[in-house]
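> Here is my input; please provide its structure:
(chains A and B)
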Amino acid sequence: DIQMTQSPSSLSASVGDRVTITCRASRAISYSLAWYQQKPGKAPTLLLYAASRLQTGIPSRFSGSGSGSDYALTITSLQPEDFATYYCQQYYNRFRTFGQGTKLEIK
Amino acid sequence: QVQLEQSGAEVKKPGASVKVSCKASGYAFTDYYVHWVRQAPGQGPEWVGWTNPNSGGTEYAQKFQGRVTLTRDTSISTAYMELNKLGSDDTAWYFCARTGLPGHDVFDLWGQGTMVTVSS
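Model prediction:
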């Protein structure tokens, strides 16, 4: 299986800040990467796929970048509703795997 | 509206089986694969497997091979996940999710989740 490693595991930030979360795959995954947001007690929500394509209805303050085995999720101008846990997921390999998550907390 | 509605919480004893349902509405059930993903408390999601509602075909994560069965009933647009020989480490939220974006194997629609607790 392809291992997905996210960093940091937790992050404190303020409303209006810009934050970046990184995700490293154990091998190159050719942009086959998605990002999800999850709030407590809820299912994950798809934010981006193909590393940088924004899912319909997701605000443009969310963006994705990267290539090979290294990817990043950037949120510009944090809003109160953005404080949540974020997961990356690879779909290059048919045995899809997720990162362990990054919890974004209010400073 | 487009949604996946899952069955309610379950409490099972070790060694038992559990069957969770996932009813699709608002879209053509047979057009998109249904996957199952589980999430233990405080952990990241873990992919369990998929079922093709059109053909009934399935694929399972190696970890669950021999212990999980995914089925569907197209007459009621419902997918099922049955997990056998439950242990305490199977305590988790179980989600069904659709891969609905052509060419991209990502989960664009999720059920609300079913909490399965395994306890003696």
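> What parts of chain A come near chain B?
Counting by C-beta under 8 Å from any C-beta of the partner chain, the residues of chain A close to chain B are A:32, A:34, A:36, A:42-46, A:49-50, A:55, A:87, A:89, A:91, A:94-101. Placement of C-beta: from N, CA and C, glycine included.
> Skipping adjacent residues, who's closest to the spatially most central residue of chain B in space?
Centrality entry for chain B: nearest residue to the mean C-alpha point is B:Trp36, 3.2 Å, by C-alpha atoms, centre = their mean. Counting by C-beta to C-beta, 6 or more residues apart in numbering or on different chains, B:Trp36 lies nearest to B:Val48, which is 4.1 Å off, once chain neighbours are set aside.
> The one you found is in contact with B:Val34, isn't it?
No - counting by C-beta atoms under 8 Å, B:Val34 is not a contact partner of B:Val48; they are 11.1 Å apart.
> Which one of these two is surrounded by more residues?
B:Val34 (25 against 21; other C-beta atoms under 10 Å in any protein chain shown).
> Not counting residues beside it along the chain, what's closest to that one?
B:Ala79 is the one closest to B:Val34 (C-beta to C-beta, 6+ apart), at 4.2 Å.
> What is the subsequent helix or strand relative to the helix or strand containing that neighbour?
Per DSSP states H and E, B:Ala79 falls inside strand B:78-83. Per DSSP H and E, the first helix or strand lying C-terminal to strand B:78-83 is strand B:92-101.
> okay, the angle between that following strand and strand B:78-83?
Relative orientation of strand B:92-101 versus strand B:78-83 (axes from the mean of the first three to the mean of the last three C-alpha atoms, to 10 degrees): 140 degrees.
> And the pLDDT for the residue most central in space within chain A?
Residue closest to the mean C-alpha point of chain A, counted by C-alpha atoms, centre = their mean, is A:Trp35 at 3.8 Å. Looking at A:Trp35, its pLDDT reads 98.
> what about it, distance to B:Val2?
21 Å (C-beta to C-beta, to the nearest Å).
> that older thread, measure the residue nearest to B:Trp36 to A:Ser52 for me?
Distance from B:Val48 to A:Ser52, by C-beta to C-beta: 28 Å.
> Perfect, that will be all.
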